[in-house]
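Asks: got a structure for you, letters missing:
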Ligand code: CUA
């Protein structure tokens, strides 16, 4: 029994220490204190951007108790990369019925890629308990047909039509 416990403790310690020494190669760090001042997550850079290769990149900040922006528009049948970070505590980002499901940890950039086959509306609840306002923290992804998206100006892209 003691030997088993010893082995299990050793596994936990060794994996913990080696994980800390060798973080996954794609770890990206940010400074939650200066997100709004400079760099990728300044306010003017949030929302949906179209890359030269035609794919879309969506940048969002999660904070108690909102996502910024609170709604994004993306084209259907197009590769979409979501890049998120947190300004305060750990939040969660989930698009039901897709492969998008990640924790959003302050100090790190969470990146998820997906492609939406069909136009539609997706509600994104924060799914990591983050405080008293957690239940009211959510945002929306509005997937529009490719052609319609291409007709919109850059400003409309980051916002949703209010219903
Ligand atoms: Cu943010 Cu729960």
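Replies: Now that the structure is in, tell me what you want to look at. Please read these numbers as outputs of a predicted model, since none were measured by experiment.

Asks: only C-alpha atoms for contact and neighbour calcs from this point on.
Replies: Noted.

Asks: and for stretch 99-113, what are the contacting residues?
Replies: The contact list for stretch 99-113, computed with CA atoms under 8 Å, 6 or more residues apart in numbering, reads 27-32, 62, 79-95, 114, 128.

Asks: if you look at these, which of them are in strands?
Replies: With DSSP state E as the criterion, strands contain 62, 79-86, 91-94, 114 from among those.

Asks: Just the buried ones out of those residues, please.
Replies: Burial by neighbour count, 16 or more other CA atoms under 10 Å: within the ones in strands among the contacts of stretch 99-113 this picks out 62, 79-86, 91-94.

Asks: which of those residues come close to the ligand?
Replies: Among these, proximity to the ligand is found for residue 91 (CA under 6 Å from any ligand atom).

Asks: Including pLDDT, could the buried ones among the ones in strands among the contacts of stretch 99-113 go into JSON lines?
Replies: Formatted as JSON lines, those follow (pLDDT from 0 to 100):
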{"residue": "62", "pLDDT": "93"}
{"residue": "79", "pLDDT": "94"}
{"residue": "80", "pLDDT": "94"}
{"residue": "81", "pLDDT": "94"}
{"residue": "82", "pLDDT": "94"}
{"residue": "83", "pLDDT": "94"}
{"residue": "84", "pLDDT": "93"}
{"residue": "85", "pLDDT": "93"}
{"residue": "86", "pLDDT": "92"}
{"residue": "91", "pLDDT": "94"}
{"residue": "92", "pLDDT": "92"}
{"residue": "93", "pLDDT": "91"}
{"residue": "94", "pLDDT": "89"}
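
Asks: Out of the buried ones among the ones in strands among the contacts of stretch 99-113, which comes closest to residue 143?
Replies: For those, the minimum distance to residue 143 (CA to CA) is 10.6 Å, reached by residue 80.

Asks: Identify the residue spatially nearest to the closest one, adjacent ones excluded.
Replies: Leaving out its chain neighbours, the residue that sits closest to residue 80 by CA to CA, 6 or more residues apart in numbering is residue 56, at 4.7 Å.
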